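Colleague: any chance you can model this:
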Amino acid sequence: MLACKRSLSGTVTSALRALRTNPVAACSPVHRPLSTQTDGEIRIANILKEKFPSASSLKVVDISGGCGAMYEIHIESSEFKGKRTVQQHQLVNQALKDEIQGMHGLRIFTDVPKH
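Modeller: Numbers count the residues shown, from 1 in each chain. The predicted structure is shown next:
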């Protein structure tokens, strides 16, 4: 985790430097090929697939540059029907409680399938 923090701080410093010299270039997101997933993305997706077997859509993205410090999760499941957004997020947090301990942050987007 320490190496990841150093990597992130170096990335932030580089981004700030780039922003000062070229504001347009610094705002471009880093894209990975669609076919590659990090080990963390695969691990989290597998946990969520097991916890939410009726999920009709699931996407897990490491938004920390690949070091596993921060993830964004989009999940659509009928198991969320009748639950408020905060309750849906609590279910996802509970499913990932062991994984979350090693993370810096987590963005969760939940939805109910529209049939």
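
Colleague: after the helix or strand of the chain with the lowest mean pLDDT, which helix or strand is next?
Modeller: Lowest by mean pLDDT, DSSP states H and E among the helices and strands of the chain is helix 23-26, with a mean of 41. Counting by DSSP states H and E, the next helix or strand C-terminal to helix 23-26 is helix 39-51.

Colleague: which other helices and strands contact that next one?
Modeller: For helix 39-51, the packing partners by 3 or more CB pairs under 8 Å, 6 or more residues apart in numbering; DSSP states H and E come out as strand 55-62, strand 70-77, helix 85-95, helix 97-100. C-betas here are computed from N, CA, C, even on glycine.

Colleague: give me the neighbour count for the closest residue in space to residue 89 that isn't next to it in sequence.
Modeller: Excluding the flanking residues, the one nearest residue 89 by CB to CB, 6 or more residues apart in numbering is residue 108, at 4.9 Å. Counted with other CB atoms under 10 Å, residues neighbouring residue 108 total 17.

Colleague: what of residue 99?
Modeller: Neighbours of residue 99 (other CB under 10 Å): 17.

Colleague: and the one 5 residues further on, by the same measure?
Modeller: The burial count assigned to residue 104 is 14, neighbours taken as other CB under 10 Å.

Colleague: once you drop chain neighbours, what's closest to it?
Modeller: Per CB to CB, 6+ apart, closest to residue 104 is residue 69, 4.0 Å.

Colleague: residue 106 sits in which helix or strand?
Modeller: strand 105-111.

Colleague: turn the helices and strands packed on helix 39-51 into CSV, including mean pLDDT and distance to residue 115.
Modeller: Formatted as CSV, these follow (pLDDT from 0 to 100; distance: least, CB to CB, whole Å):
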stretch, mean pLDDT, distance to residue 115
strand 55-62, 96, 9
strand 70-77, 97, 11
helix 85-95, 97, 17
helix 97-100, 94, 30
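
Colleague: pick the most deeply packed of the ones you listed.
Modeller: Stretch with highest mean neighbour count among those: strand 70-77 (a mean of 20; mean count of other CB atoms under 10 Å).

Colleague: return the list of strands paired to it, each annotated with direction.
Modeller: Strand 70-77 has these partner strands in its sheet, going by DSSP bridges: strand 55-62 (antiparallel), strand 105-111 (parallel).

Colleague: I am finished for the moment; much appreciated.
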